[in-house]
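Chemist: need coordinates for the below:
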Amino acid sequence: MVDFSFPVDGFISILDYLGTIAFAVTGATKAIQHKADIFGILVLATVVGVAGGVTRDIIFGRFPTAFSDPIYVSLTVITGIVMFFLFSYLKKRMNIWLVFDAVGLGVFSIIGASIAYQIVGLDFLPILFAGIITAIGGGIIRDVFVQEIPIVFVKEVYAIASIVGIVIFYVILSFGVDMQVASVIGIVVTTGIRLLAMKYKWNLPKVRET
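Modeler: Residues are numbered from 1 along each chain as shown. Purely as a prediction, here's the structure:
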């Protein structure tokens, strides 16, 4: 019988690379929208692509993977260069910033949760915390860099999408389901909720000004 299983560490690395590229796209796009030069685009793409993971690793007492594995910064730099040359072309065909932001949110939510699961086991609060920090850390820094209120505080359902995906990931794991299956489901749920929230303008309650 052929074994089609894929090593967990390799699976997580692939997801981490995907999330890094997705968030690097959002950083580069935001920099372009604010008229940054090529250096500014590369810096923001890199900061947004790795900031969430670096923050997570430091909190959990790990040397940041983005510092020890050059592929992360390489991916963000390549992404920034591609966006510099192709942004106008890509923008005409889809709202690229929002789509990639949703994908990055989904991937990084579950990446953070998966890494915490490997470190502490099936302990809900560390899994939730690691997932949220990984998912929103880079986006908050991105928006602060361009002097905007972080999207997580003001826009349609954002952090809630991350939380729901992480909770579903945790529940599936608690039933003994393979982590790769739980990860894929969690990513799809988080990304799907975020995309639906954008499409239908779902918002959390805010204080009404009198």
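
Chemist: so where is this structure shaky, pLDDT-wise?
Modeler: 1-9, 93-94, 155-156, 210 (pLDDT under 70).

Chemist: now the helices for it?
Modeler: With DSSP state H as the criterion, the chain has helices at 8-33, 38-59, 65-68, 71-91, 96-120, 124-145, 151-154, 159-174, 179-200.

Chemist: possible to save those helices as JSON lines with mean neighbour count?
Modeler: Every residue, glycine included, has its C-beta placed from N, CA and C. JSON lines is the format used below for these (neighbours: other C-beta atoms under 10 Å):
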{"stretch": "helix 8-33", "mean neighbour count": "22"}
{"stretch": "helix 38-59", "mean neighbour count": "23"}
{"stretch": "helix 65-68", "mean neighbour count": "16"}
{"stretch": "helix 71-91", "mean neighbour count": "17"}
{"stretch": "helix 96-120", "mean neighbour count": "25"}
{"stretch": "helix 124-145", "mean neighbour count": "22"}
{"stretch": "helix 151-154", "mean neighbour count": "16"}
{"stretch": "helix 159-174", "mean neighbour count": "20"}
{"stretch": "helix 179-200", "mean neighbour count": "19"}
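
Chemist: nearest to residue 208, out of those?
Modeler: helix 151-154 (15.2 Å; C-beta to C-beta).

Chemist: which secondary structure elements does the closest one contact?
Modeler: With contacts defined as 3 or more C-beta pairs under 8 Å, 6 or more residues apart in numbering; DSSP states H and E, the packing partners of helix 151-154 are helix 124-145.

Chemist: tilt between the helix it packs on and helix 38-59?
Modeler: When axes from the mean of the first three to the mean of the last three C-alpha atoms, to 10 degrees is applied, the directions of helix 124-145 and helix 38-59 differ by 160 degrees.

Chemist: off-centre distance for helix 124-145?
Modeler: Put simply, helix 124-145 sits 8 Å off its chain's centre (C-alpha atoms, centre = their mean, to the nearest Å).

Chemist: wait, residue 101 sits on residue 26?
Modeler: Yes: if you go by C-beta atoms under 8 Å, residue 101 and residue 26 touch, sitting 4.6 Å apart.
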